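Trainee: Build me a model:
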Amino acid sequence: MKAFSLSTKTAIGSFTTGIDIYCIAMSSDFVFTGTRCGVIEVWLKERLARVGSIKVGSGASTKVAALASDSDGEMLFSGSADGKIQVLIFKIPFSIGT
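Mentor: Modelled structure (predicted):
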C-alpha cells in the first residue's frame with residue numbers, strides 16, 4: 001500500500017504487509033488497515049511503520065470489511081463480514097502492543 005502527498009501528488013512511502021487489505025481508516029496519529037483474516041493492523045502515520053495489531057475475530061467470516069475512526073481519534077468502528085460491528089475505545093495517550 002502506498003502513501004501519497006496530496007499537495008505534491010507524489011508517493012511519500014509505503015506500508016508493507018503480507019495480509020490482503022480490505023479497508024482503511026485514519027486518525028490524527030494512526031492508520032488502521034482491516035484485513036481478510038480478522039486483524040486490524042495499526043500503523044504510525046508519521047513514520048509509516050506498523051506498531052501493532054488488533055484481532056477482532058476468528059474464522060473466514062470475520063474479514064474486516066469496514067473501518068471508521070471518530071474525529072477525536074478515541075474510537076475505531078470495525079464492521080466484519082459476519083455482520084458484527086465492534087467499537088474499540090482508546091484512552092489517550094494509548095499504546096498498542098504486537
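Trainee: What's the local residue count around the residue lying closest to residue 42 once chain neighbours are set aside?
Mentor: Spatial nearest neighbour of residue 42, chain neighbours left out: residue 52 (4.5 Å); criterion: C-beta to C-beta, 6 or more residues apart in numbering. Heads up, the C-betas are built off the backbone N, CA and C, glycines and all. Number of residues near residue 52 (other C-beta atoms under 10 Å) recorded here: 14.
Trainee: So which elements touch the helix or strand where residue 52 lies?
Mentor: In this assignment (DSSP states H and E), residue 52 forms part of strand 49-55. Taking 3 or more C-beta pairs under 8 Å, 6 or more residues apart in numbering; DSSP states H and E as the contact definition, the neighbouring helices and strands of strand 49-55 are strand 39-44.
Trainee: Now do the buried residues in the strand it packs on.
Mentor: By neighbour count, and taking 16 or more other C-beta atoms under 10 Å as the criterion, the buried residues in strand 39-44 are 39-43.
Trainee: Between the residues you listed, which sits nearest residue 75?
Mentor: Using C-beta to C-beta, residue 40 is the member of those that lies nearest residue 75, at 13.0 Å.
Trainee: residues touching the closest one, list them.
Mentor: Counting by C-beta atoms under 8 Å, 6 or more residues apart in numbering, residue 40 touches 32-34, 53-54, 56, 64, 67, 76, 78, 88.
Trainee: Surely residue 13 and residue 4 touch.
Mentor: No. The criterion here is C-beta atoms under 8 Å, and residue 13 misses it with residue 4 at 9.1 Å.
Trainee: and the residue nearest the centre of the chain, bridged to which residues?
Mentor: The centre of the chain sits closest to residue 32, judged by C-alpha atoms, centre = their mean, with a distance of 1.3 Å. Listed beta-bridge partners, residue 32: residue 25, residue 42 (assigned using DSSP bridges).
Trainee: so what's it scoring on pLDDT?
Mentor: pLDDT for residue 32: 93.
Trainee: Roughly how far does it sit from residue 62?
Mentor: In this structure, residue 32 and residue 62 are 16 Å apart, going by C-beta to C-beta, to the nearest Å.
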